[in-house]
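**Q** Sequence below, structure please.
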Amino acid sequence: MAHDWRHELEIQVAQASKAVQLLSEEMRQAKASASKAQCQVGELSSRGGGSRLEDAGEAADIVEALAREWDVSFGERVARCDAASEGCERCVKVMEDRLRSFSSELRLQLVSEGEKLMDVLTPSLQVGKAEPLAAATAAAAAAAAEVFAAADERGSPQASFLRMSPLASSPARSPLRMFAASAAGTMEGGDGNANGLLASLSKRVTDQEQSMEELRRHNASLRSEMDGYQLEQKVTRSLAGLERRS
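**A** As a prediction, the model looks like this:
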């Protein structure tokens, strides 16, 4: 899901950048044509004479027609750029809203599931013999694996956004962190399969945290590109206004 959002935002930014490039190219061409026509008008006016004045009038008409055509083309390009910019902003806002929603739901889910895992693990911490301790820890690790497997089977979006849970905001007090740390300490000399489950669970959480951090960096980069694009658009409009007044 995060990959789809990222791909959609990249497409929107690419379209906006392409529109700006096309607009800049048309502005350069129109400016060159207008400058050439103005030079011709000035040359004809300086030569004087009735026929020359008529030629100058025709050249002035050509310049005026070019200016009108340029204004229409510029307005259309600016409208397309505005639409692309608004599309990018909407995509970013939708993604941020979804991330906040997933974060809230995931916090509640992980707190509840972490408490259940701690209930399973607590008896093992009070057992003095190695074999019952290893068996209880293995059961807790299996329960943790089942929790994530169930989340995957349901297609829960929270399973893809673990980094936004209390694991990131308060790792020291997170029930899932407490479970992982306690289970890792009690697994010395215990069952190898349970130890493997714990290692897999820890790696999975770490991978999801890294994935979410990458998504946040990409989101910040897109916002920076959008700010730059909007600034460039304002400068382009200002230059166009100066051209029309001149």
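
**Q** packing partners for the strand or helix carrying Ile62?
**A** Using DSSP states H and E, Ile62 falls within helix 50-125. Contact partners of helix 50-125 among helices and strands, from 3 or more Cβ pairs under 8 Å, 6 or more residues apart in numbering; DSSP states H and E: helix 2-47, helix 130-154, helix 166-169, helix 175-186, helix 192-245. Using the backbone N, CA and C atoms, a C-beta is placed for each residue, glycine as well.

**Q** For those helices, which has the smallest mean pLDDT value?
**A** Lowest mean pLDDT of the helices and strands packed on helix 50-125: helix 166-169, a mean of 40.

**Q** and the helix holding Ile62, average pLDDT?
**A** 70.

**Q** mind listing what the residue nearest to Glu69 when sequence neighbours are not counted touches?
**A** Distances taken as Cβ to Cβ, 6 or more residues apart in numbering place Ala30 nearest to Glu69, at 7.7 Å, with adjacent residues excluded. Contact analysis of Ala30 by Cβ atoms under 8 Å, 6 or more residues apart in numbering lists 66, 69-70, 73-74.

**Q** how close does Ala30 get to Lys36?
**A** 11 Å (Cβ to Cβ, to the nearest Å).

**Q** go on, Leu106?
**A** On the measure of Cβ to Cβ, Leu106 and Lys36 end up 63 Å apart.

**Q** Same question for Ser103.
**A** Ser103 sits 59 Å away from Lys36, going by Cβ to Cβ.

**Q** Comparing the two, which residue is more hemmed in?
**A** Ser103 (18 against 13; other Cβ atoms under 10 Å).

**Q** From Glu232, how far off is that one?
**A** Ser103 is 33 Å from Glu232, by Cβ to Cβ.

**Q** can you check Ser35 too?
**A** Between Ser35 and Glu232 the computed distance is 23 Å (Cβ to Cβ).

**Q** When these two are compared, which one has more neighbours?
**A** Glu232 (15 against 11).

**Q** So what's the residue count around Leu110?
**A** Neighbour tally, Leu110, other Cβ under 10 Å: 23.

**Q** Apologies, that question was intended for Arg77.
**A** Arg77: 19 neighbours (other Cβ under 10 Å).

**Q** And for Ala14?
**A** 11.

**Q** which residues sit in contact with it?
**A** Taking Cβ under 8 Å, 6+ apart, one finds nothing in contact with Ala14.
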